[in-house]
Every structure is written in C-alpha cells, then in structure tokens.
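> below: sequence and its predicted model.
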Amino acid sequence: FEFVSCLLIFIPLIILSLVLAVLIKIDSPGGVLYTQARIGRHKKPFQLIKFRTMVNNSQEVLEEMLKDPEIKRQWKKYHKIENDRRITRIGKWIRKFSLDELPQLINILRGEMSLIGPRPYMQSEIDEVGEAADLIFEGRPGLTGWGRGNGGNDLSFAERTQLDLFYVYNWSLWLDLFIFIKTFWVMIFDRSGK
C-alpha cells in the first residue's frame, strides 16, 4: 500500500520538486539534496534524503552559534534552534510547508521508511532515547508521525520520544489514518503544530 501510494504521490510531485530544485540552486551555493545518516528498523542505519534548506557550512555556523549559552541550552533541550542562522531564505519557506521532506518518498520506496511511524533518529540521539530505543526501532521510521500534529518542534526531545512510544504502543490502521489526515491539516491550516 505504501509503495503504490508513494508512486502515485511521487509522479505529480516531480514538477514541484524540479521547481524547488531550481529555487534552491538560485538561493545559495551547494547541492539541491541533503543526506544525513539516520537509524532505521532494528537500528540499521540509512541515508535520509531531504531538500537542502541550510547553508553549505552549516556545521561551522552551528558551532559558532552554540557559543551563546542560551542557544546552547535551547539546542540541548529541543535539538532545534529558533531563528536558526543556518537556514537559507528559500529554506525557511520550504520548511514552513514541510516540502524539504518530499525526497523521503525515495526512502519509503527503498523500504527504509514508512509513511507513518516514529521520527527518524540520528545515531547521536540513541543514548538520549534510552530504554525506549529497542521498542521504537522495532518499526520503520515515518515521514510523519504522532508527534507531528501534537506539538512537533515546539516539544522537547524527551516529549517527542514519549509521543513515539505512545504511537508504538497504540498502533492501529485507524491511528495511522488519523495521523495522515491530521498531518495535512497541520501542514495547510495550523503551522503552529509543526
């Protein structure tokens, strides 16, 4: 079902993806796509694919930003930074509508991800996930999940992990359908839930 759904979604999104690729290239130097090592089912690593929304030297910019104690505290708690200087002009717009995640359809077609599931964690985050890791990594990470419409990036890392655990314990086709519909609602009407 996921494979066929992704193929059906993927075909009409090719034109949108080409437009985004051109805008990314015009906006800042560097590649169009960005890959990052993430942890998949049974803790098997894979390369998550996204549209690039940050400057090329984002790691150096992050290290400079983390010298500020307030930003460092924010990064430690949320694994995110408000008003992140690494994000490009077009990147802000692409992220606002979650369009940076479109290339993850390729990850789904490869069998590395699902449409709905726990968030795809980085290797460096596994220790922070703690004992919940074994349970969370029983399934494939999702393009969207329970946390998406329940606070999203406004939640701390620990809170997002708890939502992933809730999803794993309470999984059903009805819950997946609810998450799928709620994700589109949040993307279109309620940007605060991202």
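Thanks, I have it. Numbering: from 1, shown residues only.

> state the mean pLDDT of the lengthiest helix in the chain.
Counting residues, the longest helix found in the chain (DSSP state H) is helix 2-27. Helix 2-27 shows a mean pLDDT of 86.

> who are the packing partners of it?
strand 45-51, helix 89-96, helix 104-109, strand 114-116 (3 or more Cβ pairs under 8 Å, 6 or more residues apart in numbering; DSSP states H and E). Quick note: C-beta positions are derived from backbone N, CA and C, even for glycine.

> tell me the first helix or strand C-terminal of it.
Later in the chain than helix 2-27, the nearest helix or strand by DSSP states H and E is strand 33-39.

> follow-up on the earlier one: okay, buried residues for the longest helix of the chain please.
Residues of helix 2-27 classed as buried: E2, C6, F10, L13, S17, L20, L23, I24, D27 (neighbour count, 16 or more other Cβ atoms under 10 Å).

> taking the residues you listed together, which two end up most distant?
For the buried residues of helix 2-27, the farthest-apart pair by Cβ to Cβ is E2 and D27; their separation is 31.9 Å.

> S28 contacts N56, doesn't it?
Yes. Contact criterion Cβ atoms under 8 Å: S28 and N56 qualify, at 7.3 Å.

> make sure K25 is actually in contact with L33.
No. Counting by Cβ under 8 Å, no contact exists between K25 and L33, whose distance comes to 11.2 Å.

> between the two, which contacts overlap?
By Cβ atoms under 8 Å, 6 or more residues apart in numbering, K25 and L33 have no common neighbours.

> listing request: residues of this protein with sub-threshold pLDDT.
By pLDDT under 70, the low-scoring segments of the chain are 149, 153, 188, 190-194.

> go again using 80 as the cut-off
Residue ranges of the chain with pLDDT under 80: 1-12, 148-154, 184-194.

> neighbours of N150, how many?
For N150, the count of nearby residues is 18 (other Cβ atoms under 10 Å).

> and for S172?
8.

> how about it, phi and psi?
Backbone torsions of S172, given as degrees, to the nearest 10, read phi -160, psi 160.

> show me the contacts for it.
Per Cβ under 8 Å, 6+ apart, neighbours of S172: none.

> roughly how far apart are it and W146?
Per Cβ to Cβ, to the nearest Å, S172 is found 12 Å from W146.

> A strand includes G139, no?
No. Secondary structure of G139 (DSSP: H, G, I helix; E, B strand; the rest coil): coil, not part of a strand.

> got the contact list for it?
By Cβ under 8 Å, 6+ apart, the residues touching G139 are R41, S114, G117, P118, V168, W171.
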